[in-house]
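J.: just a sequence and a predicted model for now, questions to come.
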Amino acid sequence: MNKHILINELTAEGFSKEIVNAFLKVKREDFIPENLKELAYEDGPLPIGFGVTISQPHTIAFMLDLLELKDGIKILEIGSGSGYVLALINEISKNVEIYGIERIKELVKKSKGVLKEMKNIKIVYENGYEIKGRYDRILISASCSKIPKWLYDNLNDNGVIVTSVKNSIFQIKKQEGRIKTKEFPGFVFVPLVEGKI
């Protein structure tokens, strides 16, 4: 599949202009191993080493849509891997602070290299279960075994968490201190793992 087929599919499925443009602008081939570059625009997950994958574009687009991104907010991705989703977020939202947390030191190093021109993106070598600070949007790019209630205190009011739990994607909203969740079943992710390597 080439990039334009993927872009046409995302457009046909009704994703926003901002999301589709981000997939058009950000080169997925920059975030995957050299030997897989010809597969960059296949609509499937690709291995990036250490038992980790870069998610399929349709799944990423779906999660970014649920995240309800806007300008001028503070965003955290847990399990930022090769940095591809961080770069997409940076295209969709302007004047934002973006943080990525990754537990695999080699992926932190690689993603920092690819994203070095984007000064508003900070990538931290840390365990995804130990989050500091408060955010307007939190994206977990790995599967939790249960709804991540440990993150509720890290979410600002009117904030959104998007995560997979087992084989479903959840959108979790905090409004006036109350939590509302929506479930979208039928997805597969690598699990969120504790501990750094």
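T.: Structure's in. What do you need? Residues are numbered from 1 along each chain as shown.
J.: tell me the residue in this protein that is farthest from the middle.
T.: The outermost residue of the chain relative to its centre, with distances by CA atoms, centre = their mean, is Glu176 at 25.4 Å.
J.: residues contacting that one?
T.: With contacts defined as CB atoms under 8 Å, 6 or more residues apart in numbering, the neighbours of Glu176 are Asp157. Where you see a C-beta, it was placed from the backbone N, CA and C, and this is true even at glycine.
J.: cool, Val20 as well?
T.: The neighbourhood of Val20, defined by CB under 8 Å, 6+ apart, consists of 7, 10-11.
J.: got the residues you listed as JSON lines, with distance to Glu68 columns?
T.: What follows is the contacts of Val20, written out as JSON lines (distance: CB to CB, whole Å):
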{"residue": "Ile7", "distance to Glu68": "22"}
{"residue": "Leu10", "distance to Glu68": "17"}
{"residue": "Thr11", "distance to Glu68": "19"}
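J.: quick check: Tyr129 touching Trp150?
T.: Yes. Using CB atoms under 8 Å, Tyr129 is in contact with Trp150, at 6.9 Å.
J.: using the three-state scheme, assign the spatially closest residue to Lys94 that is not a sequence neighbour.
T.: For Lys94, ignoring the flanking residues on the chain, the nearest one in space by CB to CB, 6 or more residues apart in numbering is Asp71 at 4.6 Å. Here Asp71 takes the coil state, with states given by DSSP: H, G, I helix; E, B strand; the rest coil.
J.: for the remainder of this discussion, apply numbering that starts at 893.
T.: Sure thing, new numbering starts at 893, so read that last one as Asp963.
J.: coming back round to it: more crowded one of Tyr1021 and Trp1042?
T.: Legend: neighbour count by other CB atoms under 10 Å for Tyr1021 and Trp1042, higher for Tyr1021 (16 against 12).
J.: need the pLDDT of the more buried one.
T.: At Tyr1021, the predicted lDDT confidence score is 74.
J.: go on, Leu1084?
T.: The confidence metric pLDDT takes the value 68 at Leu1084.
J.: what of Trp1042?
T.: Predicted confidence (pLDDT) for Trp1042: 89.
J.: wait, is it part of a helix?
T.: Yes. Secondary structure assignment (three-state DSSP) places Trp1042 inside a helix.
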